[in-house]
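Enquirer: sharing a model prediction with you, sequence too.
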Amino acid sequence: MSAPAAPSAPHVGAGASTRAERTIEAARVLRRQENRRRAFYLALSIATPIVLVLLWELCSRTEILDSRFFPPPSEIAATAVGMAGDGELWTHTWPTLMRLLIGGGLGAICGVAVGLLMGTFRPLNAAFGPLFAALYPLPKIAIFPILLMIFGPTELPKMIAVFITTFFVMQISTVAGVRAIDSKLLEAGAAYGARGLDRFRFVVLPGSLPFIFSGLRTATGTAVVVVTAVEFTGASTTGLGYLIWNSWQLFMPEKMYVGLVVIGLIGAVLTWLLGGFEKLVLPWRR
Amino acid sequence: MSAADPLPPPRTTPDGTAPDGTVAAAVEARDVSKVFFAGGGEPVWALEDFSLSLEEGSFTCIVGPSGCGKSTFLRILGGLEERTSGEIRTSAQSHAIPSAFVFQEHGVFPWMTVRDNVAFGLRMSGVGAAERSRIADDWLERVRLGSFGASYPHQLSGGMRQRVAIARAFATGSPVLLMDEPLGALDAQTRMLMQEELIALWEAERKTVLMVTHDIDEAILLGDSVIVMSGRPGTLREDITVPFPRPRSFDVERSAEFSALRGRIWDLLREDQPAARSAA
């Protein structure tokens, strides 16, 4: 710390004599430790799944695992490459993606809009709050036959099923988000003249965005479940859900796993994109 | 604020000082009362027949036992709370934001950069982008946050955040500033530094300021007058003129006069202690 160094330790920091040099040296040591630790954790997070897949491969090939139910990952990969080559994979991935993006996207937009309005205008909340709260726990899949009855076995009922799912999740998250805004901030908005649309744009919407994004993450997961379930039903002859279901009936486990992996990837990529978007839109969150 | 009647235009220049040296009342409150009905219990009269007149360009501090309705009064003036009865007149009705509010804590928007926070009032009153960013940057310089314009509030310390809140209020150009314990959440040292800064800012601007505080020293140090309120229901107990000349510094705190004044206010508050205890 201070200039007069302890006489018993004259060679401490002998290579770096000035304060500035010692600071740089200390920072370098600290950074090296930090980098090493980070590299180790990264390696660990990559190695674990690889080891598990290798283990699966090994157990399947040695018939420790029943290869009829757990075909070796290498065979699943080979099947995937074949399906991608002849276009079969794409004919199932594309409809699922569309149902998710159109149904879920519109559901999210409407859910957020309705949630913002309900969170702000009390009469609207009084009118629809209890109704939506009662409808929310209703399993959306249970409505699907009714939708089929009304719209027939077209794309529309599938998209509507996804739409309803995301709508309710987003409406509830958004209302909760508006409620969670610190009353001091609403008052600050009012005190500085934010009224009507300005209040929405500068106070209510940004204030509820954290809840909206956590709602979007939940909604993505639920929407993937619902789209798969809807495609399981006989009303669908396309989609990854159909691929999985049909492969079960034909007993083609490799194809089943391919469908499973792809739908898992879709969920993961959507969640990852949302995370990136959140960072972009909410730079003020730590 | 909408219910307040405009006074005849004051004979003042835009910066708040009267050309002939006389001062007009910037805010006048007469017999303001407020009753709360909370949770089905007894109705609580937070304020009863409270009257106050603020001179143009004066700095007034309100002290009083907790729960005496001092914050309620401030919020009524700022249009954040409706009064049950009474009259309020402000001379600045024509201004887009007749009075700018400074909250104790959490009053700056976490989702806006420091610059956008300071410019917020201007933006709401329709000032163009170039003009408001010029004014905001000017105020950021004046509260020594010049290099933090692009930062977000969470990156700042508590004291810096309050400087943002104060700059935001001044930047509106509003002739009346209402401060609800603006330094109340700060640690003692930061608080003293901020008091000094606030004195300097105000002495340069001479806005009409009404500040609620629970710190007697702060009230004497900053105020031209100190309003002492009685416990619930809040009524005016005494209006004390602070004799120290401007510009002021902490030196006044060492004078015997300061101690005497502090003692007098403290005695007034202590007489109200039974009321304060029951309210606490």
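Expert: That came through fine.

Enquirer: check which residues of the longest helix seen in chain B are buried.
Expert: Among the elements of chain B assigned as helix by DSSP state H, the one spanning the most residues is helix B:188-205. Of all the residues in helix B:188-205, those buried under the rule 16 or more other C-beta atoms under 10 Å in any protein chain shown are B:Thr190, B:Arg191, B:Met192, B:Met194, B:Gln195, B:Glu197, B:Leu198, B:Ile199, B:Leu201, B:Trp202, B:Glu205. For every residue, glycine as well, the C-beta is placed using N, CA and C.

Enquirer: pretty sure the fifth one is touching B:Leu221, no?
Expert: Yes: if you go by C-beta atoms under 8 Å, B:Gln195 and B:Leu221 touch, sitting 6.0 Å apart.

Enquirer: after the longest helix of chain B, which helix or strand is next?
Expert: Secondary structure here is assigned by DSSP states H and E; on that basis, the next helix or strand after helix B:188-205 toward the C-terminus is strand B:208-212.

Enquirer: just the buried positions in the following helix or strand past that next one, please.
Expert: Per DSSP H and E, strand B:208-212 leads on to helix B:216-222 as the next helix or strand towards the C-terminus. Of the residues in helix B:216-222, those buried under the neighbour-count criterion (16+ other C-beta under 10 Å) are B:Ile216, B:Asp217, B:Glu218, B:Ala219, B:Ile220, B:Leu221, B:Leu222.

Enquirer: in contact with B:Glu203, which residues?
Expert: B:Glu203 makes contact with B:Arg246, B:Pro247, B:Arg248, according to C-beta atoms under 8 Å, 6 or more residues apart in numbering or on different chains.

Enquirer: of the residues you listed, just the buried ones, ChimeraX syntax please.
Expert: Those of these that meet the burial criterion (16+ other C-beta under 10 Å) are gathered into one ChimeraX selection, given here:
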select /B:248
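
Enquirer: from the contacts of B:Glu203, pick the one nearest B:Leu183.
Expert: Taking C-beta to C-beta as the measure, B:Leu183 sits nearest to B:Arg248 out of the contacts of B:Glu203, at 15.9 Å.

Enquirer: what about the closest one, distance to B:Ala200?
Expert: With distances taken as C-beta to C-beta, to the nearest Å, B:Arg248 is found 10 Å from B:Ala200.

Enquirer: again, but for A:Gly85
Expert: Remark: distance between A:Gly85 and B:Ala200 (C-beta to C-beta) = 75 Å.

Enquirer: in chain B, which spans are helices?
Expert: All helices of chain B, identified by DSSP H, fall at B:70-77, B:114-124, B:129-142, B:158-171, B:188-205, B:216-222, B:256-271, B:273-279.

Enquirer: same question for the longest helix of chain B, mean pLDDT?
Expert: Regarding helix B:188-205, the rounded mean pLDDT is 89.

Enquirer: from the middle of its chain, how far away would that helix be?
Expert: Averaging C-alpha positions (C-alpha atoms, centre = their mean, to the nearest Å) puts helix B:188-205 13 Å from its chain's average.

Enquirer: now the angle from it to helix B:158-171?
Expert: Going by axes from the mean of the first three to the mean of the last three C-alpha atoms, to 10 degrees, helix B:188-205 is angled at 20 degrees with respect to helix B:158-171.

Enquirer: now do helix B:188-205 against strand B:208-212, angle only.
Expert: With the same axes, to 10 degrees as the criterion, the two stretches helix B:188-205 and strand B:208-212 enclose an angle of 160 degrees.

Enquirer: helix B:188-205 vs helix B:129-142, what angle?
Expert: Computed by the same axes, to 10 degrees, the angle separating helix B:188-205 from helix B:129-142 equals 130 degrees.

Enquirer: just the residues of the stretch 151-286 of chain A that are near chain B, which are they?
Expert: The interface of the stretch 151-286 of chain A toward chain B, taken as C-beta under 8 Å from any C-beta of the partner chain, is made up of A:182, A:184-185, A:187-194, A:198, A:202-203, A:206-207, A:209, A:282-284, A:286.

Enquirer: which ones among those residues are found in helices?
Expert: When DSSP H is applied, these are split such that A:Lys184, A:Leu185, A:Glu187, A:Ala188, A:Gly189, A:Ala190, A:Ala191, A:Asp198, A:Pro206, A:Gly207, A:Leu209 fall in helices.

Enquirer: need the max-distance pair from the buried residues of helix B:188-205.
Expert: B:Thr190 and B:Glu205 (21.7 Å).

Enquirer: one step back: pull the CA atoms of the longest helix of chain B into PDB?
Expert: Taking C-alpha atoms only, helix B:188-205 is exported to PDB below (Å, rounded to 0.1, in the frame of the first residue of the first chain):
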ATOM      1  CA  ALA B 188     -25.300  11.000   5.500                       C
ATOM      2  CA  GLN B 189     -22.200  12.100   3.500                       C
ATOM      3  CA  THR B 190     -23.900  11.900   0.100                       C
ATOM      4  CA  ARG B 191     -26.800  13.800   1.600                       C
ATOM      5  CA  MET B 192     -24.600  16.700   2.800                       C
ATOM      6  CA  LEU B 193     -22.900  17.000  -0.600                       C
ATOM      7  CA  MET B 194     -26.300  17.000  -2.300                       C
ATOM      8  CA  GLN B 195     -27.600  19.700   0.000                       C
ATOM      9  CA  GLU B 196     -24.700  21.900  -1.000                       C
ATOM     10  CA  GLU B 197     -25.400  21.200  -4.700                       C
ATOM     11  CA  LEU B 198     -29.100  21.800  -4.300                       C
ATOM     12  CA  ILE B 199     -28.400  25.200  -2.600                       C
ATOM     13  CA  ALA B 200     -26.100  26.200  -5.400                       C
ATOM     14  CA  LEU B 201     -28.600  25.100  -8.100                       C
ATOM     15  CA  TRP B 202     -31.500  26.800  -6.500                       C
ATOM     16  CA  GLU B 203     -29.500  30.000  -5.800                       C
ATOM     17  CA  ALA B 204     -28.700  30.100  -9.500                       C
ATOM     18  CA  GLU B 205     -32.300  29.400 -10.700                       C
END
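
Enquirer: ok, B:Pro245 to B:Asp217 distance?
Expert: From B:Pro245 over to B:Asp217 (counting by C-beta to C-beta), the distance is 18 Å.

Enquirer: apologies, that question was intended for A:Pro95.
Expert: For A:Pro95, the distance to B:Asp217 (C-beta to C-beta) stands at 72 Å.

Enquirer: tell me who's in contact with A:Ile244.
Expert: Counting by C-beta under 8 Å, 6+ apart, the residues that A:Ile244 touches are A:Thr228, A:Phe232, A:Lys255, A:Met256, A:Gly259, A:Leu260, A:Ile263.
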